[in-house]
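K.L.:
what's the 3D shape of this:
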Amino acid sequence: MSLVGRPNVGKSTLLNALVGRKVSIVSNKPQTTRTAIRGILTSGESQAVFVDTPGLHKAVSALGEKINATALGSTKDVDVTCLVIDATQPIGKGDEWVASQVDMARCVVVLNKADRASREQMLAQLTRAAKFNAESYFPVSAVTGDGIDALKAHLLELMPEGEFLYPPEMVSETDDVTWVAELVREVLLERTDEELPYSIATRATVSDDGAVVCEIVVERESQKGMVIGKGGSMLKAVRQAVKPQLPKGVRLELTVVVDKNWQQRADRVERLGY
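P.N.:
Here you go, the predicted model:
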């Protein structure tokens, strides 16, 4: 089951709300999600696998092209697609284009951020969204949880019969090492401004002595200094912020490297796992 939509409509927050745990990083920066993130919900006799996807946008880089392809690819061979729309913003050409890429007869329109929309806005959005001829429509707030239980129950009803794909206790496909890299990037997104968040990539490996070494990749030498901070202050703050969220027993080491203009180079984008 794929969650698709424009950037910054709250797909990652919605995934976390549906699963009941944080399995995808979130920030107020568009295009935070760069790969397909799978979250698994098991409830009684039912199991659903949700795929959080990058926000679909007009690509201006090799990275943008790759993450758009990832998002569109996630809509193939799924039982249901959820088109997520920001309830506080008028439905525009971007939403219409995304809708044109999916089978709306098997699509649930989710009007997210209902807690920030007035009743008049919600009614207007539902009226506009009706033209998509979707399977159903659900106003929700992924932040407050309003409407999530009803949406969850409906989505589970739409799942075909079959064997569980994952053990009941499993909530994410993301391994611990990759999750550490994502947590580091989430903190950096929160603490950096201007163009820097989009120039940052993270990847992690395990060293011979068992530490998780997270490599923070930037595009220019000037950005490297910003990420390190005066006297290493930024890296220290990142480590402190990430530590409470780390899997038990994980020891974290951070390094910063420059890979010039990596976003524009398809081979570098692929090397970084996007």
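
K.L.:
which ones are touching the closest residue in space to Trp97 that isn't next to it in sequence?
P.N.:
Spatially, and ignoring its direct neighbours in sequence, Trp97 is nearest to Leu56 (7.5 Å; CB to CB, 6 or more residues apart in numbering). The C-beta positions use only the backbone N, C-alpha and C, and glycine is treated the same way. Shown in contact with Leu56 (CB atoms under 8 Å, 6 or more residues apart in numbering): Val4, Gly5, Arg6, Pro7, Asn68, Ala71, Leu72, Gly94, Trp97, Val98, Gln101.

K.L.:
could you check how far Leu56 is from Leu18?
P.N.:
Distance, Leu56 to Leu18, by CB to CB, to the nearest Å: 20 Å.

K.L.:
please, which helix or strand holds Pro41?
P.N.:
One correction, residue 41 is Leu, not Pro. strand 37-43 (DSSP states H and E).

K.L.:
roughly how far is that strand from the heart of the chain?
P.N.:
14 Å (CA atoms, centre = their mean, to the nearest Å).

K.L.:
domains of this protein?
P.N.:
2-158, 176-271 (automatic domain parsing).

K.L.:
distance between the ends of the longest one?
P.N.:
One end of domain 2-158 to the other measures 13 Å (CA to CA, to the nearest Å).

K.L.:
go on, stretch 183-198?
P.N.:
Note: stretch 183-198 ends 15 Å apart using CA to CA.

K.L.:
centre of the chain to it, how far?
P.N.:
14 Å.

K.L.:
now it: buried residues?
P.N.:
Buried positions in stretch 183-198, judged by neighbour count with 16 or more other CB atoms under 10 Å: Leu183, Val184, Arg185, Glu186, Val187, Leu188, Leu189, Arg191, Thr192, Leu196, Pro197, Tyr198.

K.L.:
over to the fifth one: give its phi and psi.
P.N.:
What that stands for is Val187. Here the main-chain torsion angles of Val187 (degrees, to the nearest 10) amount to phi -60, psi -40.

K.L.:
list the contacts for it?
P.N.:
By CB under 8 Å, 6+ apart, the neighbours of Val187 are Ala237, Val238, Ala241, Val242.

K.L.:
10 Å - rerun?
P.N.:
By CB atoms under 10 Å, 6 or more residues apart in numbering, the residues touching Val187 are Ile25, Ser27, Thr202, Met234, Ala237, Val238, Arg239, Gln240, Ala241, Val242, Gln245.

K.L.:
and which of those is nearest Lys152?
P.N.:
Minimum distance to Lys152 across these is 21.3 Å, recorded for Ile25 (CB to CB).
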